[in-house]
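[1] Okay, predicted coordinates and the sequence, questions at the end:
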Amino acid sequence: MQVQWYPGHMTKAKRMMLEDIKLIDLVIELLDARVPVSSRNPDIDEIAKGKSRLVLLNKSDLSDPESNDECSFDLRRRRHIIIGHELPSFSSSCIQKFIQFCSIFFIRFIRPELGPYF
């Protein structure tokens with residue numbers, strides 16, 4: 001009996017990301033600060049290659065501060081913008097609002113040539 005490790009919903013999500021990535025300027029990746037390495041999707045690095053990247057470490061108030069520092073250093077070395085030490089456990093609606101804010105900031109200050117959409 002062969003075990004299907006990569007479920008269908010993940011295959012579908014990856015296919016959708018590959019189709020839409022050409023329309024995207026900023027990739028926002030949300031990780032659990034308690035387990036940042038194992039909460040990452042390894043496919044994101046390949047899919048988001050060449051794109052600006054913002055990594056959010058959620059639940060940093062529940063994680064080890066020393067581990068947060070190590071993870072932040074590693075992500076910065078890969079030239080990703082990282083926000084984590086000030087990002088405690090939030091509800092999904094708070095995270096959505098924060099991501100919307102980051103998107104607006106990106107368009108206004110990092111890529112102003114995209115125009116005033118907000």
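    Arrived safely, thanks for sending.
[2] switch to C-alpha atoms for all contacts and neighbour counts from now on
    OK.
[3] For the most centrally placed residue in the chain, give me its contacts.
    Nearest residue to the geometric centre of the chain (C-alpha atoms, centre = their mean): residue 29, 0.7 Å. Applying C-alpha atoms under 8 Å, 6 or more residues apart in numbering, we find residue 29 in contact with 53-56.
[4] Just the element for it, please.
    In this assignment (DSSP states H and E), residue 29 forms part of strand 26-32.
[5] What residues of that strand count as buried?
    Neighbour-count burial for strand 26-32, with 16 or more other C-alpha atoms under 10 Å as criterion, is recorded at 26-28, 30-32.
[6] and if you look at stretch 95-103?
    Neighbour counts over stretch 95-103 (16+ other C-alpha under 10 Å) mark 95, 99, 103 as buried.
[7] so the helix or strand harbouring the first one versus strand 26-32, what angle?
    Looking back up the chat, that one is residue 95. For residue 95, the host element (DSSP H and E) is helix 92-105. Here helix 92-105 runs at an angle of 150 degrees relative to strand 26-32 (axes from the mean of the first three to the mean of the last three C-alpha atoms, to 10 degrees).
[8] and helix 92-105, what other elements does it pack with?
    The helices and strands touching helix 92-105, judged by 3 or more C-alpha pairs under 8 Å, 6 or more residues apart in numbering; DSSP states H and E, number zero.
[9] Report the mean per-residue pLDDT for that helix.
    Here helix 92-105 scores 76 as its mean pLDDT.
[10] go on, stretch 24-38?
    82.
[11] got the CA positions of it in CSV?
    Output in CSV follows, covering the C-alpha atoms of stretch 24-38 (Å, rounded to 0.1, in the frame of the first residue of the first chain):
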residue,chain,number,x,y,z
ILE,A,24,2.3,39.1,-7.5
ASP,A,25,5.0,41.6,-6.4
LEU,A,26,5.2,40.7,-2.7
VAL,A,27,5.0,37.2,-1.1
ILE,A,28,3.9,37.2,2.5
GLU,A,29,4.8,34.1,4.4
LEU,A,30,3.3,33.5,7.8
LEU,A,31,5.2,31.1,10.1
ASP,A,32,4.7,29.8,13.6
ALA,A,33,7.5,31.3,15.7
ARG,A,34,7.5,28.2,17.9
VAL,A,35,8.4,25.9,15.0
PRO,A,36,9.5,28.2,12.1
VAL,A,37,11.4,25.6,10.2
SER,A,38,8.8,22.9,10.2
